[in-house]
Structure formats: C-alpha cells, structure tokens
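A.B. asks: Build me a model from this:
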Amino acid sequence: MYENNIQNIIKAQAGDEQAMTDLLENNKGLIWNIVKRFTGRGHETEDIYQIGCMGFIKAIKRFDTSFEVQISTYAVPYILGEIKRFIRDDGAIKVSRSTKELAMKILDLQREYLNKTGQEISLSMLSKELKISKEEVSFALDCLKPVTSIYEETGGNDDDRAIVDRLTDNKDEASIITDRLAIKQLIENLNARERQVILLRFFKDKTQAQVAQVLGITQVQVSRIEKKILSSMKLKLTS
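C.D. replies: Below you'll find the predicted structure:
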C-alpha cells in the first residue's frame, strides 16, 4: 500500500535527503488522498499538497520506529493538522503573481529546511537566504490566504465554534481516514475471488444471490466466503 520502509525512515531521521525524498514519493498517494478533502476552499491544490508534504515530513521526524503501526496511519493526523492550521490561519488578501511565486519559493525552502533539520526555518533565515526583508517574507506568505474562511466563529447561538469544527472533529476525521486505509490494505491482501465478493457485496450493493450468479457459485458458498472474510478482517482490525 504505502511505503513503510523502516530503514528509509531511520535514514531520513538522520538527515538523509534522498531517503526522505523516496518516502515522500512512495507516500504521495496518501498525501493526495487527504489534500482532495480541501479542494474548493480558495487555494491552489498544489499549494495544499506542499503543506501536506510538510506535515508528512514532521511525522517522519517524530515517528518512533519501535511503534507497531504503519507510517501512513501515524502521518494522517500530522498531514491533516498542518493543512487545517494553514487554512485556519488564513484571511483575505489579493496579491500579484510575482508575490505568489515568491511565496512558493518560501514554502520550498521551509520544506527543505524541515527535511534537513527537523526544525522550522526562522523568518530571519528566510530573509537572508532570499536576500529580501523580513516584511517581504511575511507579506509573501500572507498571499496564500483565501478570500473566505470556514474557520471563523459563527456566534449568535449556543454553539459558537467555527463552522469546520461543527462539521467535523479532527480526531474523528483522522480515525475515519486511517480506518479506510486499514480496510483498503486488508482488501488488497485478499485473493481474487474473496476481493470480488467483498467489492460486489459492500461496494456494489449486490445480494448474495446476485454475487453467486456473477461468480458462478452457490449462494451458500458466497455466504461462507463472506463470513470468513469479515471474521478475519474484524480480528485484524481489533488486534
């Protein structure tokens, strides 16, 4: 499914840039899956992807390789958190193309520095690296802010939380994504016939009789296969 090479993670934590690049490349599907949840909110999708990559790098830097957990599962809250923090801190502002291009250079530098050191690059360092003032750095980063935000508190009733906080809970959302990743991985490990039974029954809403007809077996056989698969998946998910 997604890359969980412990040796690469250890190398990346030690500052190996190629190992981190490999991890990012092999896990870009995970990052994009999360990024897609934030489309249509006033930002370029590629910008959100870069922010998601920063969250993934933070997860790699903080991952304990003794954990009995996939890095994809561990990284989800970091990716979600980084993207939501980026959007939550944004406000409305209009800027030129050149300023936005500068902002993307800054994001690249932030990611590279985080990759190398595991630390956030300071405003002063960005200013020195780009040979511009701190004010210009700050303004360029502000250009990534959207016209509107669903993170403003609504007020006027008993529930004055931001709209996004009422729509979804960060912990619950991360759990939902990680559960889906786990289920997807379990399905991928099934043999061809077992996978087809699950897909037809639970993704295509076919009855056991219809599945039996498609596969050319009896309904009793379909029932037995289904029970066996569900029992095995439940055991693996709860173990």
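
A.B. asks: which stretches of this structure have low pLDDT?
C.D. replies: 1-4, 41, 68, 89-96, 142-185, 236-239 (pLDDT under 70).

A.B. asks: Tell me where the protein has helices.
C.D. replies: In the chain, the helices defined using DSSP state H lie at 6-13, 17-26, 28-35, 45-62, 71-88, 97-117, 123-130, 134-142, 163-167, 170-188, 192-198, 208-215, 219-238.

A.B. asks: helices or strands next to the last one in the packing?
C.D. replies: Using 3 or more Cβ pairs under 8 Å, 6 or more residues apart in numbering; DSSP states H and E as the contact definition, the elements that helix 219-238 packs against are helix 170-188, helix 192-198, helix 208-215. Just so you know, the C-beta spots here come from the backbone N, C-alpha and C atoms, and that holds for glycine as well.

A.B. asks: quick one, that helix and helix 208-215 angle?
C.D. replies: 100 degrees (axes from the mean of the first three to the mean of the last three Cα atoms, to 10 degrees).

A.B. asks: what comes up buried for helix 219-238?
C.D. replies: For helix 219-238, a neighbour-count test (16 or more other Cβ atoms under 10 Å) marks Gln221, Val222, Ile225, Glu226, Ile229, Met233 as buried.

A.B. asks: if I look at the spatially closest residue to the last one that is not a sequence neighbour, how far off is Glu194?
C.D. replies: When you say that, I think you mean Met233. Using Cβ to Cβ, 6 or more residues apart in numbering and skipping the chain neighbours, the partner closest in space to Met233 is Leu186 (5.1 Å). Applying Cβ to Cβ, to the nearest Å, the value for Leu186 to Glu194 is 10 Å.

A.B. asks: From the recorded domain assignment, give the ranges for this protein.
C.D. replies: 6-147, 190-238 (automatic domain parsing).

A.B. asks: The residue nearest to Met233 and Leu235 touch, don't they?
C.D. replies: No - at 10.3 Å, Leu186 does not count as touching Leu235 under the criterion of Cβ atoms under 8 Å.

A.B. asks: just to revisit the earlier point, buried deepest among the domains of the chain, which one?
C.D. replies: Neighbour counts (mean count of other Cβ atoms under 10 Å) averaged over each of the domains of the chain peak at domain 6-147, with a mean of 16.

A.B. asks: Report the distance from it to the chain centre.
C.D. replies: When distances are taken as Cα atoms, centre = their mean, to the nearest Å, domain 6-147 is centred 12 Å away from the chain's centroid.

A.B. asks: From Val35, how far off is the closest residue in space to Phe86 that isn't next to it in sequence?
C.D. replies: Using Cβ to Cβ, 6+ apart and skipping the chain neighbours, the partner closest in space to Phe86 is Ile51 (4.8 Å). Distance, Ile51 to Val35, by Cβ to Cβ: 8 Å.

A.B. asks: what does Ile79 give?
C.D. replies: Taken as Cβ to Cβ, the span from Ile79 to Val35 is 8 Å.
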